[in-house]
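Trainee: Predicted model follows, preceded by the sequence.
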Amino acid sequence: MIQFKCSQCEEPLEAPESMQGERLQCPKCRYPELVPALEEEPEPIKLETNGENINEATQIRTFGSDSTRERKEEYKRPLNTTGKGATRVRTFHTRLSNNAMAFLDEQVNEWIDENPDIEVKFSTSTVGMVESKKTEPHLIINVWY
């Protein structure tokens with residue numbers, strides 16, 4: 001058996017050796033975690049802005065994020081902190097349960113607290129289907145800043 005932790009919620013997981021390289025859904029947060037090879041341990045995603053670590057892998061993922069890829073945080077347009085117009089967007093999503101949505105609130109607030117140079121201009125929300133091993137409805141939040 002391969003023993004590892006979910007990169008989203010730190011839940012201890014285990015899978016048979018035959019599942020190396022395949023995805024296993026975490027029973028706690030339902031994230032489709034990649035089963036590591038026996039000799040490897042999964043590394044948390046580290047996002048950096050201006051050389052500072054802004055967050056570790058969390059239960060909430062942005063669309064297009066991948067556990068093997070770092071987020072691009074360098075953009076040509078400077079942040080607009082004059083109160084006029086948004087220059088960037090960050091998307092968060094979570095499944096529809098009370099605990100998951102409470103965790104989403106925490107993640108959005110932590111992201112805002114960790115980035116004091118960000119001025120949120122507005123946000124949008126919708127419910128849509130997100131595909132993984134199981135397609136299910138998610139709350140999708142776009143934060144424009």
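Mentor: Perfect, thanks for sending it.

Trainee: hey, let's count contacts and neighbours off CA atoms from now on
Mentor: OK.

Trainee: need the helices for this structure, in chain order.
Mentor: Counting by DSSP state H, the chain has helices at residues 98-114.

Trainee: so where do the strands sit in it?
Mentor: Remark: strands assigned in the chain by DSSP state E are 2-5, 12-15, 23-25, 32-34, 47-49, 52-55, 89-95, 122-130, 136-144.

Trainee: Note down every partner strand of the second one and its orientation.
Mentor: Sheet pairing of strand 12-15 (DSSP bridges) gives strand 2-5 (antiparallel).

Trainee: which of the residues in the partner strand are buried?
Mentor: For strand 2-5, a neighbour-count test (16 or more other CA atoms under 10 Å) marks Ile2, Phe4, Lys5 as buried.

Trainee: Next: stretch 126-145.
Mentor: Those would be Val130, His138, Leu139, Ile140, Ile141, Asn142, Val143, Trp144, Tyr145, for stretch 126-145 by 16+ other CA under 10 Å.

Trainee: before we move on, back to that, now render the buried residues of strand 2-5 as TSV, adding distance to Gly85.
Mentor: Shown next, in TSV, are the buried residues of strand 2-5 (distance: CA to CA, whole Å):
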residue	distance to Gly85
Ile2	49
Phe4	44
Lys5	41
